[in-house]
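Undergrad: Quick one: sequence plus predicted model below, questions after.
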Amino acid sequence: MESVIKKVEQLALMHDKVDPKTVKEKKIKLGLRNEDGSGVFVGITSKGQVIGYEKIIAGDGSEKLNPIPGKLYYCGYDVEDLVRGKENEKRFGFEENIYLLLTGELPSRGDLKSFSKELGKRRVLPEQAKEMILNRPRHDDQMGSLHTIVSAMHLFDKSPNSTDIRDVTRQCIDLIAKFPTIIAYNYRAHKMKKKDYRKLVEPDPDLSTSENFLYMLSGKVPDILMAELFDTMLIFHAEHGGGNNSTFSTRCVSSSGANTYMAICAGIGSLSGHLHGGANEAVVRMINDMKPKLKDWEDDEEIRAYLEMIVDKKAGDKSGKIYGLGHAVYTLSDPRAVFLEIKAEELAKAAGREKEFLLFKKVAKIAPQLVREKKGKVVCTNVDFYSGFVYQCMGIPQELFTPIFAMARVAGWAAHRIEEIIQGRIIRPSYFSSLKGKNSYIPLFKR
């Protein structure tokens, strides 16, 4: 087997590498991105809008991208205003944002109450789904577990393959409601030495999504301040435009006419990657690797030297990436990261981790300067840079960082799936062939 794998690997490396000259000559948009780094327009959405630069028209008519502070909008509403609004009114806001993304409008008080009640009612899992969770072989892959159970949910749907908008809407709301339960149960089952149904905490329909998830995870109703912060984290992660990898994957699969469960699983599969949803875990690993190798966590020059080694692929995971840094759209700032830096400092003080937070802050200051000098790129810390640290301070295990991201982003996936079904055209971009010519078939005995 090993010799076969090695042979396939060698041939794949030989034939599948991209020729930079061909990419330039044929104007190939690798990663669906233009030469200036901006995204290729492939669709229209009313859901999320991500802004990190503005286009300036020069005197010669050419366009230039000018970096500006980042902004994120949900259906035209600034997400910072949405968070401030719910904080000022001292209430939870994730449910309101789900409604907004699905409908395009902010709910009235009565609509929000009815919608929240419906979500609460739909949180309970079928008994057979619980059996699947408890009886799976031992493993520690929480995103794989989420994918498996969400895929299996079609077994409990009388019309799983319907693309009628009424059925799709019902399925989407049902999955949004059930994601927290599935994620909490997967984790609790993973931690059980002996499988026991009694250790699976039944969801409370009267709690907010944030409170209920933390309750199912620990068996205790959470502290209100912690639940409110977690609610804000869910809002910030709920949506990020149609072009982010997991949402585009969901839209792409939806466009083929595939059912809701398959489409949402596509989003889960994409989000599991370390360059997308797994980035906050990668940040935590990077900082943990850095800490014992620095003599002085407050020495800017020593931190810069180590970050240079990371960029030069001599330290960290040797990938050359400073995790939590840079974004496909944001340039000067990610509005979510700006908020999380403030919260991270507050939590660090409460948890006695101020020294560690200071290291994060120094990396956040030094790394963008370093990348600009070495690569000529304007980059900023993104939401993943601080989110893992915030979750740690909240006592949330690292295995749940990415599933929690999915728990929030399923709201955006669902909204985009519905939009894609309504628009109704299969996504089918083209690929240029890297082959230089045609091959003539050679009989097996002559090879």
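TA: Looks like it came in fine. Residues are numbered from 1 along each chain as shown.
Undergrad: What about residue 248, how many residues nearby?
TA: The number of residues packed near residue 248 is 21, by other Cβ atoms under 10 Å. C-beta here means a position set from N, CA and C on the backbone, and glycine is covered the same way.
Undergrad: ranges for the helices of the stretch 151-300 of the chain?
TA: Counting by DSSP state H, counting those that start in this stretch, the segments of the stretch 151-300 of the chain that form helices are 165-191, 209-218, 224-237, 245-255, 260-271, 279-290, 300-311.
Undergrad: Can you name every helix or strand that the last one contacts?
TA: Under the contact definition 3 or more Cβ pairs under 8 Å, 6 or more residues apart in numbering; DSSP states H and E, helix 300-311 sits against helix 354-375.
Undergrad: Next secondary structure element downstream of the helix it packs on?
TA: Following helix 354-375 in sequence order, the next helix or strand is helix 383-393 (DSSP states H and E).
Undergrad: Which neighbouring elements make contact with that next one?
TA: helix 224-237, helix 279-290, helix 335-351, helix 354-375, helix 401-423.
Undergrad: could those helices go into a markdown table alongside distance to residue 124, mean pLDDT and mean neighbour count?
TA: A markdown table is the format used below for those (distance: least, Cβ to Cβ, whole Å; pLDDT from 0 to 100; neighbours: other Cβ atoms under 10 Å):
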| stretch | distance to residue 124 | mean pLDDT | mean neighbour count |
| --- | --- | --- | --- |
| helix 224-237 | 20 | 95 | 21 |
| helix 279-290 | 29 | 92 | 20 |
| helix 335-351 | 31 | 92 | 18 |
| helix 354-375 | 39 | 94 | 17 |
| helix 401-423 | 16 | 96 | 24 |
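Undergrad: And those helices: which comes nearest residue 45?
TA: Between residue 45 and the helices and strands packed on helix 383-393, the tightest spacing by Cβ to Cβ is seen for helix 401-423, at 6.1 Å.
Undergrad: can you pull out the helices in the stretch 1-150 of the chain?
TA: Using DSSP H, counting those that start in this stretch, helices in the stretch 1-150 of the chain cover 2-16, 20-25, 79-88, 94-103, 109-121, 127-135, 142-152.
Undergrad: Just say which of these is most tucked in.
TA: helix 94-103 (a mean of 24; mean count of other Cβ atoms under 10 Å).
Undergrad: what sits up against it?
TA: Residues outside helix 94-103 that contact it (Cβ atoms under 8 Å, 6 or more residues apart in numbering) are 47-48, 74-75, 77, 82, 86, 105-107, 111-112, 115-116, 119, 169, 172-173, 176, 208-210, 231, 234-235, 238-239, 408, 411-412, 414-415, 418.
Undergrad: Ramachandran angles for residue 138?
TA: Here the main-chain torsion angles of residue 138 (degrees, to the nearest 10) amount to phi -60, psi 140.
Undergrad: ok, it - how many residues close by?
TA: With other Cβ under 10 Å as criterion, residue 138 counts 7.
Undergrad: Please name the residues that touch it.
TA: residue 190 are the contacts of residue 138 under Cβ under 8 Å, 6+ apart.
Undergrad: try it again with 10 Å
TA: Neighbouring residues of residue 138 by Cβ atoms under 10 Å, 6 or more residues apart in numbering: 189, 190, 192.
Undergrad: got a winner among the residues you listed for most neighbours?
TA: residue 189 (21 neighbours).
Undergrad: what's the spacing between that residue and residue 117?
TA: 28 Å (Cβ to Cβ, to the nearest Å).
Undergrad: Show the pLDDT at the nearest residue to residue 216 once chain neighbours are set aside.
TA: Using Cβ to Cβ, 6 or more residues apart in numbering and skipping residues adjacent in sequence, the residue nearest residue 216 is residue 184, 3.8 Å away. We note a pLDDT of 97 for residue 184 in this prediction.
Undergrad: again with the one 5 residues further on
TA: In the predicted model, residue 189 carries a pLDDT score of 92.
Undergrad: what's the answer for the one 5 residues further on, then?
TA: We note a pLDDT of 83 for residue 194 in this prediction.
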